[in-house]
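Visitor: Here's my sequence, what's the structure:
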Amino acid sequence: MPNNQKKPTLSKHLWVIYTLSVILLALIWYYEWMLGVFMTILLLASIYYSIRTERTLIDKTEAYISTISHRVKKVGEEALLEMPFGIILFNDDYKIEWSNPYMNKLSEKDSIVGESLNIISEQLIPMIKEDKEEVLVELNELKFLTMIRKEEKLLYFFDRTAQVELKAKYESEQTVLAVIFLDNYEEITQNMDDTAKSQLNSQVTSVLNNWASEYGLYLKRTSQERFLAVGTKQILQQLEKVKFDILDEVRELIVEQNNPVTLSIGVGTGNLPLPDLGELAQSCLDLALGRGGDQVAIKDESGKVRFYGGKTNPMEKRTRVRARVISHALTELVKTSDNVIIMGHKSPDMDSLGSAIGILNIAKANNAKGYIVFDPDDVDTGVHRLVDALKADEELWRYFIEPFEAEEIMTSQSLIVVVDTHKPSMVADASLLNKTDNTVVIDHHRRGEDFIGNPTLVYMEPYASSTAELVTELLEYQPKSLKLKMVEATALLAGIIVDTKSFTLRTGSRTFDAASYLRSRGADTVLVQQFMKEDIDLYIKRAKLIERAEIFKGNIAIAKAESGEIFGPVLIAQAADTLLTMTGITASFVISERDDGRIGISARSLGKVNVQVIMEKMNGGGHLTNAATQIEDTTIDDATELLKDIITEYLEGRESE
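Guide: Residues are numbered from 1 along each chain as shown. All right, here's what the predicted structure looks like:
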């Protein structure tokens, strides 16, 4: 205790007792002085004893506190200098003012005082400025959890190397499930004899077994065309580094029909139970097949999907059996519904309108009420002639309703049929999807991550030329009472012709079969040409747009409209098609502003460049040879630079494979 402070003598309660005792003693003196003398002596002795006892107790307490203070101070000094964690004090200029011996040992210099915090890690100063409280830094191959006390200009460093390594090991050894599917096994082996089929099975199994052995995978064949693979996240990372070259190896197998064998692989990864990983793997396989096969889809618990492969154009492999089954399933759904609401995509094209009319006829053939959702304010000039022809048929046009009318007639038992798209963001009115649980999706585009939730029936065939072709095949299995009007059959045929560029792209034998069926039902090819005619002003605008094209990377044409110029999606798609016909051009991209304020990009290729992958990186999609996107909150110049960067990255990645 400091010398300038007085030591306390008696506590307050003792003073109260003694005060009362004095008063009592005075009364005793008044009545009996002999007893008063005795009591006075006793009281004085008591006061003396109390004061002495209390002072002794205070002295002992002070001695104890002094001892504890010394020990605490000593421990504090040892903690600063000897404890196995780092301490640094820094100034306003982020320079080190003091560090404990632990931090000095980690530096090659004798002292780090006066050095910038960058000598420890270049992460520290930015993190301090951002008011971060913790950051993991690496120093001399050790991982330190750094606790930042900005107000005190103090840093604590705790070695977390063992924990980080343990976490990395845990993550690298997480289970990964993969489902492997031979895309076209059934088609290739359909006409094979047993010997050839056995030889093919042996070849495929041998290649996959060698691949599994090389990377440490457990592989089990579960059926003629399906395998199950079990591995770890570390193995998956190795496979991603080589971009799943097993796809190329299997594709190079020689079979009798010269049709390449292709694989699709769905991979489930993440910190999930095995049943959930299995469901992830299966959903990824469905996604890969929906995108045309010959590729790998990987999904983790966050839902993010990564793709590899998809280099080849999908081969036609649909069977009549599937079309018949889908047609019958759709018939049952139509019959049990209150009504059928048919939607295409926004700014409908020939394929979207033609497909919707085809589904309308399926509803009518089964005595169901069907309606096509059509927004008159969202009609592109490329289809206005078809729309005018439909309006001329009053009986047919009464089935076209606006979105608000559809909402009024919707019930929980209504059936929604979405054609020519599978993305909720692209349908004519996305709000209608939430008003019923009965949804059918019919589309020919490669499946993307954005997909209509929980559809009742899905008919997606990226091998088809158009959705109109798929719908035409469904019509063939409807009741014989079905009668297509000439304008209805022509609308379906127009959808096929436009999407195949007059039967030159993505055209299979069944495309001609569908066109033949429609022709027999009265489709007018001359009227199709009338629908496809364009104004001379639009032709000149497209020519000027093409004139602005530049050649990028030797054989890729990129045409960019001037800032402020607005072009519709049909016109830029036509410009991209035209550029693709030029000598030496293998892919074309046309960029322009849209009337909705977004930047539109239309992409085409001859198959050597996968424009779908490029457009997906810009939040778009489509086919390997035909894709597009719309970008918000950007300028046409920034969109062009972004496109060039993505093309460059794509080409460099392909060269490294």
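
Visitor: C-alpha only now, for contacts and for neighbours.
Guide: OK.

Visitor: so who does the residue lying closest to Ala464 once chain neighbours are set aside touch?
Guide: Among residues not flanking Ala464 along the chain, His444 sits closest, at 5.8 Å (C-alpha to C-alpha, 6 or more residues apart in numbering). Taking C-alpha atoms under 8 Å, 6 or more residues apart in numbering as the contact definition, His444 lies against Asp420, Thr421, Met460, Glu461, Pro462, Tyr463, Ala464, Ser465, Ser466, Thr467, Leu470.

Visitor: and the two most separated of the residues you listed?
Guide: Based on C-alpha to C-alpha, the longest span within those runs between Thr421 and Tyr463 and measures 14.8 Å.

Visitor: So for the two, which residue has more residues nearby?
Guide: Just comparing Thr421 and Tyr463: by other C-alpha atoms under 10 Å the higher neighbour count belongs to Thr421, 26 against 23.

Visitor: returning to what we had before: and the residue nearest to Ala464, how far is that from Lys60?
Guide: Using C-alpha to C-alpha, to the nearest Å, His444 is found at 92 Å from Lys60.

Visitor: What of Val419?
Guide: Taken as C-alpha to C-alpha, the spacing of Val419 relative to Lys60 amounts to 92 Å.

Visitor: With Asp194 instead?
Guide: Using C-alpha to C-alpha, Asp194 is found at 103 Å from Lys60.

Visitor: And Ala406, by the same measure?
Guide: In this view, Ala406 and Lys60 are 91 Å apart by C-alpha to C-alpha.

Visitor: Which residue of the two possesses the greater neighbour count?
Guide: Per other C-alpha under 10 Å, whichever of Ala406 and Lys60 has more neighbours is Ala406, with 19 against 11.

Visitor: Check which helix or strand that one maps to.
Guide: In this assignment (DSSP states H and E), Ala406 forms part of helix 403-409.

Visitor: pLDDT on the next helix or strand after that helix, on average?
Guide: The helix or strand immediately downstream of helix 403-409 is strand 415-419, counting by DSSP H and E. Taken as a whole, strand 415-419 has a mean pLDDT of 94.

Visitor: same thing with stretch 133-140?
Guide: For stretch 133-140, mean pLDDT is 84.

Visitor: What lies in contact with it?
Guide: Applying C-alpha under 8 Å, 6+ apart, the contact partners of stretch 133-140 are 106, 120-121, 123-124, 127, 143-149.

Visitor: Output that stretch as CSV - backbone C-alpha positions only.
Guide: Coordinates of each C-alpha in stretch 133-140 appear next as CSV, following Å, rounded to 0.1, in the frame of the first residue of the first chain:
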residue,chain,number,x,y,z
GLU,A,133,-10.8,-9.2,-37.3
GLU,A,134,-9.2,-12.5,-38.4
VAL,A,135,-7.2,-13.6,-41.5
LEU,A,136,-5.2,-16.7,-42.3
VAL,A,137,-1.7,-15.9,-43.5
GLU,A,138,1.2,-18.1,-44.7
LEU,A,139,4.7,-17.5,-43.4
ASN,A,140,7.6,-19.9,-44.0
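
Visitor: so how far is that stretch off the chain centroid?
Guide: Stretch 133-140 has its C-alpha centroid displaced from the chain centroid by 29 Å (C-alpha atoms, centre = their mean, to the nearest Å).

Visitor: can you tell me the distance between the two ends of stretch 142-161?
Guide: Rule used - C-alpha to C-alpha; the end-to-end distance of stretch 142-161 is 5 Å.

Visitor: Now tell me what touches it from outside.
Guide: 85-91, 128, 131-138, 164.

Visitor: Any buried residues in that stretch, and which?
Guide: The neighbour-count check on stretch 142-161 (16 or more other C-alpha atoms under 10 Å) flags 143-149, 153-157, 159-160 as buried.

Visitor: same check, this time on stretch 440-455
Guide: Val440, Val441, Ile442, Asp443, His444, His445, Arg446, Arg447, Gly448, Glu449, Ile452, Pro455.

Visitor: Figure out the length between the terminal residues of it.
Guide: First-to-last residue span, stretch 440-455, C-alpha to C-alpha: 6 Å.

Visitor: low pLDDT regions in the stretch 151-300 of the chain?
Guide: Along the stretch 151-300 of the chain, the parts satisfying pLDDT under 70 run over 254-259, 290, 292.

Visitor: What are the structural domain limits within the chain?
Guide: According to automatic domain parsing, the chain comprises the domains 12-81, 86-165, 173-309, 320-532, 536-655.

Visitor: which residues of the stretch 51-200 of the chain fall in strands?
Guide: For the stretch 51-200 of the chain, the strands defined by DSSP state E, counting those that start in this stretch occupy 86-90, 96-99, 134-139, 142-149, 154-159, 175-182.

Visitor: Any idea which of those gets closest to Glu547?
Guide: When the strands of the stretch 51-200 of the chain are compared (using C-alpha to C-alpha), the closest one is strand 175-182, at 45.2 Å.

Visitor: got the contact list for the closest one?
Guide: Residues contacting strand 175-182 (C-alpha under 8 Å, 6+ apart): 225-233, 236, 261-270, 277-278, 281-282, 285.

Visitor: In strands, which of these appear?
Guide: Residues of these located in strands (DSSP state E): 226-232, 263-268.

Visitor: can you put these in CSV and add neighbour count and distance to Ala494?
Guide: Converted to CSV, these look like this (neighbours: other C-alpha atoms under 10 Å; distance: C-alpha to C-alpha, whole Å):
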residue, neighbour count, distance to Ala494
Arg226, 17, 39
Phe227, 18, 42
Leu228, 20, 44
Ala229, 17, 45
Val230, 17, 48
Gly231, 20, 49
Thr232, 18, 50
Leu263, 26, 34
Ser264, 28, 33
Ile265, 32, 36
Gly266, 28, 36
Val267, 28, 39
Gly268, 27, 41
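
Visitor: CSV please, covering those and showing distance to Tyr539.
Guide: Compiled in CSV, those are given as follows (distance: C-alpha to C-alpha, whole Å):
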residue, distance to Tyr539
Arg226, 51
Phe227, 53
Leu228, 54
Ala229, 54
Val230, 56
Gly231, 56
Thr232, 56
Leu263, 43
Ser264, 42
Ile265, 45
Gly266, 45
Val267, 47
Gly268, 49
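
Visitor: tell me which of those residues is nearest to Ile536?
Guide: Closest to Ile536 out of the ones in strands among the contacts of strand 175-182 is Ser264 (46.3 Å), distances taken as C-alpha to C-alpha.

Visitor: low-scoring stretches of the stretch 1-150 of the chain, by residue?
Guide: Applying pLDDT under 70 to the stretch 1-150 of the chain flags the ranges 1-15, 18, 64, 66-83.
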